[in-house]
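sequence-free structure coming up:
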Ligand SMILES: Nc1ncnc2c1ncn2[C@@H]1O[C@H](COP(=O)(O)OP(=O)(O)OP(=O)(O)O)[C@@H](O)[C@H]1O
C-alpha cells in the first residue's frame, strides 16, 4: 500500500499541496485526476522521493522515501518523463544498469531482463540504441525499467501521453496483468475514457487537496452525474474545488 499523510508543499511561498492525505490499496488501479496545476506531479514526485515535502509523511510499503530512499526505491517502479533514457546505450544495456542498481545479478538478472523483453515486446528493439526512439518505444523501455525488479508498487505520470492505439493497448494489458498479480498502481491522467476503463478507484485533486475519492460509480452517485468526465468536472471545478482554492490563497 502507498499512504500519503498530511503532505504539504509550497514553492516560493505558494502552497501547492495542502494537508494532502490518501491511501492507494494493493491489487487495485488508482487514478489521480486534477486540472492542470492541481498538484498531481508534485504529489507523485514526493511519493517517489524526488521532491521533499515541507511536512507530512509518505509510506511506500513499509518505507518512507524521505527517510529511507533506497528502501522505498526497491519497492517502487516509476514511469515518469520518458525523455530520461541514456541515448548511447542499447535497451539491453540500459535495463541491465537499472536492474544491477536494484541489486540483481547472475541468473536472477538474466531472468529479469528476459521477462521484461518478452512482456513489453522489446525483442526488435533490444540491441538498438535508444536515440531516436518514438514515444511508444520510449514508453516500453521506461515501463521495462520500472518493472525489471518486480516492485510491489508502480507509479505512472500521464503514461499514455503521445501514445498510439497499439502502445496504449500494450500499456493497458500490462497494467491489468500487474493488478491481477497484486501490484499497487497509481497513475495520473487527463484522458477520461481511459481512466473510466482502467481504474478501480479515482482520486480527484483541486488546489492541492483531494476533493473526491471513490470508484467511478461512487463519484457518479455523489455528484449526480452519469459519466466520469461529468463527475470529474463537477468535483475539480465545482463548489468544493472553489472552496479549496479560496482556502489555499495566501492571507
Ligand atoms: N519546481 C517548481 N518550482 C515552482 N513551482 C512549481 C514547481 N513544480 C511545480 N510547481 C507549481 O506547482 C503547481 C502544481 O504543479 P504540478 O506539476 O504538481 O501540477 P499537475 O497537477 O501535475 O499539473 P499538470 O496536469 O499540468 O501536469 C503549479 O502551479 C506549478 O507551476
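Nice, thanks for sending it over. Everything numeric here is computed off the predicted structure, so don't read it as measured data. Numbers count the residues shown, from 1 in each chain.

how about the residues of the chain by the ligand?
11, 16, 34, 36, 37, 38, 39, 40, 41, 42 (C-beta under 6 Å from any ligand atom). For the C-beta atoms, the positions are set from N, CA and C on the backbone; glycine is no exception.

what's the burial count for the third one?
Pointing back at residue 34 there. 26 (other C-beta atoms under 10 Å).

residue 171 too?
Look at residue 171: counted by other C-beta under 10 Å, it has 23 neighbours.

buried ones in stretch 227-245, by neighbour count?
Across stretch 227-245, burial judged by 16 or more other C-beta atoms under 10 Å covers 228, 231, 232, 233, 234, 235, 236, 238, 240, 241, 244.

show the pLDDT at the last one.
Think residue 244. pLDDT for residue 244: 72.

show me what contacts it?
Counting by C-beta atoms under 8 Å, 6 or more residues apart in numbering, residue 244 makes contact with 18, 206, 207, 208, 209, 211.

try the first one
Taking C-beta under 8 Å, 6+ apart as the definition of contact, the neighbours of residue 228 are 192, 195, 196, 202, 216, 219, 220.

in helices only, show me the residues you listed.
If you go by DSSP state H, the contacts of residue 228 have 192, 195, 196, 216, 219, 220 in helices.

hang on, the earlier thing: could the contacts of residue 244 be laid out in JSON lines, adding pLDDT?
JSON lines is the format used below for the contacts of residue 244 (pLDDT from 0 to 100):
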{"residue": "18", "pLDDT": "95"}
{"residue": "206", "pLDDT": "94"}
{"residue": "207", "pLDDT": "91"}
{"residue": "208", "pLDDT": "94"}
{"residue": "209", "pLDDT": "94"}
{"residue": "211", "pLDDT": "94"}
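
and stretch 177-195, what's buried?
178-179, 183-189, 191-192, 194-195.

then stretch 123-131?
Buried positions in stretch 123-131, judged by neighbour count with 16+ other C-beta under 10 Å: 125, 129, 130.
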